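[1] From the sequence below, what's the structure:
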Amino acid sequence: MADFDDSLLEDTAVLERVPSLRRLAEAGARVRIETGQTDLTGLADLGDRYRPRAVIASGPESRLIRAVLEPHCPVPFVAWPAHVLPAWVGALDLVIVLTGLTYDADVSNTIAEASRRGARVIVTCPIGSPVAEQAAGRNTTVVGTRTADPLAAAIVLLDALYRVGLGPAVLPSRVADAMDAVATACSPYADISVNPAKDLAIALADDLPLVWGGTVLAARASRRIAEAFRDASGRPALAADASDLVPVMQGAKQRDPFADPFDTFADDRGTTLIVLDDASGDRVAAKTRAWLQVTADEHDVRVRSIRHDEGNDVERYVCLLQQGLFGAAYLAVGLGRGDRMAG
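    You can find the predicted model right below:
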């Protein structure tokens, strides 16, 4: 088991060279770049004059878009796992294709097939790319992106869908401000004593993380965060429903308070439950969270909460997600794996 060096979390010379920390700090700026320069005039005829039978989205962050839209969208919404259209898609439907690649044969084929069937198509892709050129057509609107950030592109698209009556208000400027607030709180220059992400990394130094979110969006964030923990540590990390996490906690190894911390051969790895709390007020989520807390107390499982209770659904989502990703980046630094985290 790799030793965790918490002194690295206070070494600004080391932290300034970690690309993942820099990219996380710039998340709000990328949202502003996309929203400030994206041309949405091609969507002017959507809305009251065009109401699709259904909306189908494919590509990165399509499931995020579904999670945000489903409670509000006046028509059925489907997040398709691959760049392939369901057989039932036709002229009455809206197809959304998201890609960060400048060229993707599957994307081009999907756009061509949607156009052949007469569907209305919205494509988010790098501006001026071959994908953008190939997508141009009478029934296609190209939303050109500039930052290669799937999350920023998804926020722009969510704002566009709100403007045409297919989703809730997103307010990208407020989402960007929320990201900036997390970046400030989790800054490499913020001391461990006040930095929630550094504190989270220390808590997970020797532990296996279990991540749970009680709402659809919090659950979406939990999967992204667990993936980041796996990349950061090279160890397992699980995001799942409570019914799947409880048996894992019940079988967790009990911590030995008398274990020698300098015994390099001892397996003192415990389990920590990370609860993502977006203050939704959902009664089922609250009862489930209480069940998890009781189980954790009974089986010597530490519990850490990441909470954000302000703003709209997307603001709360990005705050939970960004804080968890910052925690993963600091975990990688402490384990000497900071250079392996993508920028």
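[2] What mean pLDDT does stretch 107-115 get?
    What stretch 107-115 shows for mean pLDDT is 93.
[3] Then stretch 7-18?
    For stretch 7-18, the mean confidence score works out to 94.
[4] again with stretch 73-85
    Computed over stretch 73-85, the mean pLDDT rounds to 88.
[5] Okay, buried residues for that stretch please.
    73, 77-80, 83, 85 (16 or more other C-beta atoms under 10 Å). For the C-beta atoms, the positions are set from N, CA and C on the backbone; glycine is no exception.
[6] Quick one: the strands in the stretch 101-250 of the chain, in order.
    120-126, 140-145, 208-213, 238-239 (DSSP state E, counting those that start in this stretch).
[7] among the ones you listed, which gets the worst mean confidence?
    Among those, strand 140-145 carries the lowest mean pLDDT, a mean of 88.
[8] now the angle from it to strand 120-126?
    Counting by axes from the mean of the first three to the mean of the last three C-alpha atoms, to 10 degrees, strand 140-145 lies at 20 degrees to strand 120-126.
[9] among the strands of the stretch 101-250 of the chain, which is nearest Thr295?
    Nearest to Thr295, of all the strands of the stretch 101-250 of the chain, is strand 208-213, at 10.6 Å by C-beta to C-beta.
[10] Counting by contacts, list what that closest one packs against.
    For strand 208-213, the elements it packs on are helix 216-233, strand 238-239, helix 242-250, strand 271-277, judged by 3 or more C-beta pairs under 8 Å, 6 or more residues apart in numbering; DSSP states H and E.
[11] if you set the cut-off to 7 Å instead, what comes out?
    Using 3 or more C-beta pairs under 7 Å, 6 or more residues apart in numbering; DSSP states H and E, the elements in contact with strand 208-213 are helix 216-233, helix 242-250, strand 271-277.
[12] List the buried residues in the longest one.
    Buried residues in helix 216-233, counting neighbours by 16+ other C-beta under 10 Å, are found at 216-222, 224-226, 228-233.
[13] do the second one as well
    Buried residues in helix 242-250, counted by 16+ other C-beta under 10 Å: 242, 245-246, 248-249.
[14] from memory Gly334 sits against Leu9, does it?
    Yes - counting by C-beta atoms under 7 Å, Leu9 is a contact partner of Gly334 at 6.0 Å.
[15] list residues touching both of those two?
    Shared contacts of Gly334 and Leu9 (C-beta atoms under 7 Å, 6 or more residues apart in numbering): Ala201.
[16] any idea of the angle the biggest helix by length in the chain forms with helix 216-233?
    Secondary structure assigned by DSSP state H gives helix 313-334 as the longest helix of the chain. Following the same axes, to 10 degrees, one obtains 10 degrees for the angle between helix 313-334 and helix 216-233.
[17] which strands and helices sit next to helix 313-334?
    Contacting helix 313-334 under the criterion 3+ C-beta pairs under 7 Å, 6+ apart are the following elements: helix 19-25, helix 172-185, helix 196-203, helix 216-233, strand 302-307.
[18] if we go to 8 Å?
    On a contact count with 3+ C-beta pairs under 8 Å, 6+ apart, helix 313-334 meets helix 19-25, helix 62-69, helix 150-163, helix 172-185, helix 196-203, helix 216-233, strand 271-277, strand 302-307.
[19] who does the shortest one pair up with?
    Spelled out, it's strand 302-307. Partners of strand 302-307 in the sheet, by DSSP bridges, are strand 271-277 (parallel).
[20] With only the CA atoms kept, save the partner strand in PDB.
    Provided in PDB are the C-alpha atoms of strand 271-277 (Å, rounded to 0.1, in the frame of the first residue of the first chain):
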ATOM      1  CA  THR A 271     -13.900   2.100   4.700                       C
ATOM      2  CA  THR A 272     -15.300   5.600   4.400                       C
ATOM      3  CA  LEU A 273     -18.800   6.400   3.200                       C
ATOM      4  CA  ILE A 274     -19.000   9.700   1.300                       C
ATOM      5  CA  VAL A 275     -22.500  11.200   1.300                       C
ATOM      6  CA  LEU A 276     -23.300  13.700  -1.400                       C
ATOM      7  CA  ASP A 277     -26.000  15.900   0.000                       C
END
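[21] List of residues touching it?
    Applying C-beta atoms under 8 Å, 6 or more residues apart in numbering, the contact partners of strand 271-277 are 200, 203-204, 207-214, 218, 221-222, 225, 245, 248-249, 252-253, 289, 292, 296, 301-309, 320, 324.
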